[in-house]
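Colleague: Give me a model of this one.
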Amino acid sequence: MKRIIGAIAAGVVAFSGIYALAASLSVTSNTLGAGTSATASCTADTLTVGYGTLSYSATVPGYTVTTVTITDNTSPTPAWTACKNLNYRVTVYTGTSSPYTSLVETTGTVPATIANTTGSTFTTTAFAAQNANSITGVSVVIGG
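Modeller: Numbering: from 1, shown residues only. Reported below is the predicted structural model:
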């Protein structure tokens, strides 16, 4: 009986130590660890991501998407200036819970000609056609 109680006590102590260690992990813009962090960006504006033109495919069957549009609807004036000519990476995901599965990724450069007007948008470089119904998330990195 003493061995069982001793084993339980040791397990509680070990679990508490591991839990405390995990709770102390933090993330900053220049460190790697568990968690999330917002880092400096070329714009503080909220960007909207949408599908490019949808096309019906009988082989899928369903609608497919091959591009993503990124729009800045900030009023009165969006702040694209610092983003122009920076590289971007867009990843399209599927799944209902973490970890999500990457369907496709595309990279390119934010156009130098994008206007600083409300609703200004650019379209990513094309990627392999994806079933629009299976897309559950999109991540966008500009300048990284």
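Colleague: Walking through the chain, point out its strands one by one.
Modeller: Under the criterion DSSP state E, strands of the chain are mapped to 47-51, 55-57, 62-65, 68-72, 87-94, 101-109, 120-123, 130-131, 137-142.
Colleague: Now those strands in TSV, please, with extra columns for distance to residue 78, mean pLDDT and mean neighbour count.
Modeller: Using the backbone N, CA and C atoms, a C-beta is placed for each residue, glycine as well. As requested, the strands of the chain are exported to TSV (distance: least, C-beta to C-beta, whole Å; pLDDT from 0 to 100; neighbours: other C-beta atoms under 10 Å):
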stretch	distance to residue 78	mean pLDDT	mean neighbour count
strand 47-51	9	88	15
strand 55-57	29	92	12
strand 62-65	24	92	18
strand 68-72	4	90	20
strand 87-94	16	92	18
strand 101-109	18	93	14
strand 120-123	6	91	17
strand 130-131	28	92	16
strand 137-142	13	89	15
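Colleague: Throw those into CSV and include distance to residue 80, thanks.
Modeller: Putting the strands of the chain into CSV (distance: least, C-beta to C-beta, whole Å) gives the following:
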stretch, distance to residue 80
strand 47-51, 10
strand 55-57, 28
strand 62-65, 23
strand 68-72, 6
strand 87-94, 12
strand 101-109, 13
strand 120-123, 6
strand 130-131, 27
strand 137-142, 10
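Colleague: which non-adjacent residue is nearest residue 81?
Modeller: Distances taken as C-beta to C-beta, 6 or more residues apart in numbering put residue 116 closest to residue 81, at 6.2 Å, once the chain neighbours are dropped.
Colleague: Domain map for the protein?
Modeller: For the chain, automatic domain parsing gives the domain ranges 1-37, 47-142.
Colleague: Start and end of the longest one, how far apart?
Modeller: End-to-end distance of domain 47-142 (C-alpha to C-alpha, to the nearest Å): 11 Å.
Colleague: What is the distance between it and the centre of its chain?
Modeller: Here domain 47-142 is found 11 Å from its chain centre; the criterion is C-alpha atoms, centre = their mean, to the nearest Å.
Colleague: and residue 108, what is it in contact with?
Modeller: 87-88, 124-125 (C-beta atoms under 8 Å, 6 or more residues apart in numbering).
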